[in-house]
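Student: got a sequence here, can you build the structure:
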Amino acid sequence: MDTVTKKYIETVQVSDIPWHRLTTSYGRGTDFPNQFDVLWKMDSIEAVDVAGEDIALNIEHQSTLWHATPFAMIFLLRIFKKAQEESAQNEVAHYLAEQLVELFAVIAECIRDGLMLEHADPLPNFEDMLNEEYLWSEDYDEDEDVLRYEEEEIFPDDLFFSFYYYSLQVLLLGKPLLNKANEGEANLLELLTEIEY
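Tutor: Below you'll find the predicted structure:
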């Protein structure tokens, strides 16, 4: 991985991302900052479940990744790291870490399947996906978004493949966190080793 990508993944802040202009499975990523906050706090399994399930439903659907996915993965990886650090003394953190490993495995499988198909090269930089030409309207209008989905090329090929490529880059940075003694983490590690791009 190049140093520019690594630095971006490690330093970008939630507030740097125009979530309301990034597509998800069911709309836009507008609610993601609040949901990340709920996960970060790890106050209750119920709250973590609601926020986590909503994020999971919106970053992947039927093996398709979305514009918000690689950006969401950055913050989910940070939350995973914190959950691992606190899992010994916090049952919510332990539960969340396990749930995130499952989600990461689903994303990794989507990436593996996507790499098997013919695809364009990714955009040169992670943050290129936030270029104005790729962002959706400032104001959310569900009808307008539906019409846009009816266009032949909703996402240019290089942008679409970048959803997969940069999500993979985030997951690869998480490899050192994975413990081979944990079955779920060992499976994820094996999957990531298999699909390095």
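
Student: for Thr24, grab phi and psi.
Tutor: For Thr24, the backbone dihedrals (degrees, to the nearest 10) come out as phi -130, psi -180.

Student: wait, it sits on Phe71?
Tutor: No. The pair Thr24 / Phe71 is not scored as a contact, 10.6 Å apart, by CB atoms under 8 Å. (Each C-beta comes from the backbone N, C-alpha and C, glycine too.)

Student: what about these two, which has more around it?
Tutor: Neighbour count, other CB atoms under 10 Å: between Thr24 and Phe71, Phe71 has more, with 29 against 23.

Student: could you list the buried residues of whichever strand or helix holds that one?
Tutor: Taking DSSP states H and E as the definition, Phe71 sits inside helix 69-86. For helix 69-86, the neighbour count (16 or more other CB atoms under 10 Å) marks 69-84, 86 as buried.

Student: buried residues, stretch 47-60. List them.
Tutor: So, applying 16+ other CB under 10 Å, buried residues of stretch 47-60: Val48, Ala51, Gly52, Asp54, Ile55, Ala56, Asn58, Ile59, Glu60.

Student: ok, now stretch 12-27?
Tutor: Quick answer for stretch 12-27 (16+ other CB under 10 Å): Val12, Val14, Ile17, Pro18, Trp19, His20, Arg21, Leu22, Thr23, Thr24, Ser25.

Student: can you tell me what sits against it?
Tutor: Stretch 12-27 is contacted by residues 28-33, 36, 57-61, 64, 66-69, 71, 74-75, 127, 130, 135-138, 140, 142, 145 when judged by CB atoms under 8 Å, 6 or more residues apart in numbering.

Student: need the strands for the protein, in chain order.
Tutor: With DSSP state E, the ranges of strands along the chain come out as 23-24, 27-28, 60-61, 64-65.

Student: helices of the chain, start to end?
Tutor: Along the chain, counting by DSSP state H, helices occupy 3-11, 32-41, 45-59, 69-86, 91-115, 142-149, 157-173, 183-195.

Student: export those helices as a markdown table, with columns for mean pLDDT.
Tutor: As requested, the helices of the chain are exported to a markdown table (pLDDT from 0 to 100):
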| stretch | mean pLDDT |
| --- | --- |
| helix 3-11 | 95 |
| helix 32-41 | 98 |
| helix 45-59 | 97 |
| helix 69-86 | 97 |
| helix 91-115 | 95 |
| helix 142-149 | 78 |
| helix 157-173 | 96 |
| helix 183-195 | 91 |
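
Student: Leu123 is nearest to which of these?
Tutor: helix 157-173 (4.7 Å; CB to CB).

Student: contact partners for Val38?
Tutor: Val38 makes contacts with Ala47, Val48, Val50, Ala51, as judged by CB under 8 Å, 6+ apart.
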